[in-house]
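A.B. asks: let me see the structure of the following:
(2 chains)
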Number of protein chains: 2
Amino acid sequence: MKPVDNYLDDLKPGDRFVSPSGYTLTESDIIDFALRYDPQPFHIDVNAAKETAFGGLISSGFQTLAIGFRVIYSTGFITTANLGGAGVDELRWLRPVRPGDTLRSTAEIKEVTPSKSKPDRGAVKYVLTVSNQHNEPVLTGTFVIVVKRRREG
Amino acid sequence: MKPVDNYLDDLKPGDRFVSPSGYTLTESDIIDFALRYDPQPFHIDVNAAKETAFGGLISSGFQTLAIGFRVIYSTGFITTANLGGAGVDELRWLRPVRPGDTLRSTAEIKEVTPSKSKPDRGAVKYVLTVSNQHNEPVLTGTFVIVVKRRREG
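C.D. replies: Reported below is the predicted structural model:
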């Protein structure tokens, strides 16, 4: 694993980070999140969810995304050198996530691009893959974050 | 505004939905979300946040996204005919969101595509724009959801 202070200069394409532990979603977690942010029947009502194509309660895709980020953050790959997220492309929800599922994440660096206009920073593009306990991917996405450089200029 | 039961057949490119009310983010909301899902200093520590480029506490981008969805959901545009989200492209965080900011959302339908293999459903592509109380966009993204057809075949 990379050291805790990952500056732009410390990252290169092909670097790979794997979450050291997973996160097990409970029914309560799923319903609490969904009541606030995504109160569709298959996220908040176990009985209504049984009648849907999912056959039962599933997590909000926004919760799956947030947990996927949380567990990759626990690798220490994203540090105080991170100046914030720019965006995400090709975000795909591939499989439902159910109560009791345990999520882990992998990040693979694809591009590291020093800024031309701001010599103190650059962009890091990485692919995040969130998987369940059966090693089936449930979410993938291509993220861009802005990261400080260790040495200016 | 469209009726509550929006099937694929009820939506067409150019349809536009605007959230009837906003959502005001509090400092507590921002910290609570971030402690669980995105505990970077500028999301959880008001003092450390002052020393960052943001100059103060800002919401996690995943929270901004989730709230943006929550307020567009309140239009009734996404109903029980929604079979779930497929993915998001061109998600961009354009401006920081701070305690006290009030978020509203607009969705504009871009494409409605009946499935060739499954005659009971189709894909709806829409652009979500989340704005603050100054009408400045803070997030945009292109979403695809799978929606039931009213009439099969």
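
A.B. asks: helix, strand, or coil at the spatially closest residue to A:Ile30 that is not a sequence neighbour?
C.D. replies: Residue nearest to A:Ile30 in three dimensions, not counting chain neighbours: A:Ser59, with 4.7 Å by Cβ to Cβ, 6 or more residues apart in numbering or on different chains. In short, each C-beta sits where N, CA and C put it, glycine included. What DSSP: H, G, I helix; E, B strand; the rest coil gives for A:Ser59 is coil.

A.B. asks: can you check the one 5 residues further on too?
C.D. replies: Reducing the assignment at A:Thr64 to three states with three-state DSSP gives helix.

A.B. asks: returning to what we had before: surely the residue nearest to A:Ile30 meets A:Arg95?
C.D. replies: No - with contact defined as Cβ atoms under 8 Å, A:Ser59 does not reach A:Arg95; the gap is 10.9 Å.

A.B. asks: of those two, which one has the most company?
C.D. replies: Neighbour count, other Cβ atoms under 10 Å in any protein chain shown: between A:Ser59 and A:Arg95, A:Ser59 has more, with 28 against 16.

A.B. asks: report the separation between the more buried one and chain B.
C.D. replies: Using Cβ to the nearest Cβ, to the nearest Å, A:Ser59 is found at 11 Å from chain B.

A.B. asks: show me the contacts for that residue.
C.D. replies: A:Leu25, A:Asp29, A:Ile30, A:Phe33, A:Ala34, A:His43, A:Ile67, A:Pro96, A:Val97, A:Arg98, A:Asp101 (Cβ atoms under 8 Å, 6 or more residues apart in numbering or on different chains).

A.B. asks: CSV for those, including secondary structure, distance to B:Gln133 and pLDDT?
C.D. replies: As requested, those are exported to CSV (DSSP: H, G, I helix; E, B strand; the rest coil; distance: Cβ to Cβ, whole Å; pLDDT from 0 to 100):
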residue, secondary structure, distance to B:Gln133, pLDDT
A:Leu25, coil, 34, 97
A:Asp29, helix, 31, 98
A:Ile30, helix, 31, 98
A:Phe33, helix, 25, 98
A:Ala34, helix, 26, 98
A:His43, helix, 28, 97
A:Ile67, helix, 30, 98
A:Pro96, coil, 36, 97
A:Val97, coil, 34, 98
A:Arg98, coil, 38, 98
A:Asp101, coil, 38, 98
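
A.B. asks: what ranges does chain A have for its helices?
C.D. replies: Along chain A, the stretches classed as helices by DSSP state H are A:27-37, A:41-44, A:46-50, A:61-73.

A.B. asks: deepest-packed of these, please.
C.D. replies: helix A:61-73 (a mean of 24; mean count of other Cβ atoms under 10 Å in any protein chain shown).

A.B. asks: how many residues are close by A:Ser19?
C.D. replies: Count around A:Ser19 with other Cβ under 10 Å applied: 21.

A.B. asks: just A:Leu103 next, same as before
C.D. replies: 23.

A.B. asks: ok, now how distant is it from A:Thr64?
C.D. replies: The spacing between A:Leu103 and A:Thr64, counted by Cβ to Cβ, to the nearest Å, is 7 Å.

A.B. asks: what does chain A have sitting close to chain B?
C.D. replies: On the criterion Cβ under 8 Å from any Cβ of the partner chain, chain B has as its neighbours in chain A the residues A:36-42, A:52-54, A:60-63, A:65-67, A:69-70, A:73, A:78, A:80, A:82-93, A:96, A:141.

A.B. asks: quick check: bridge partners of A:Arg121?
C.D. replies: Using DSSP bridges, the beta-bridge partners of A:Arg121 come out as A:Lys148.

A.B. asks: pull out the buried positions in stretch A:88-106.
C.D. replies: Within stretch A:88-106, the residues scored as buried using 16 or more other Cβ atoms under 10 Å in any protein chain shown are A:88-89, A:91-93, A:95-99, A:101, A:103-106.
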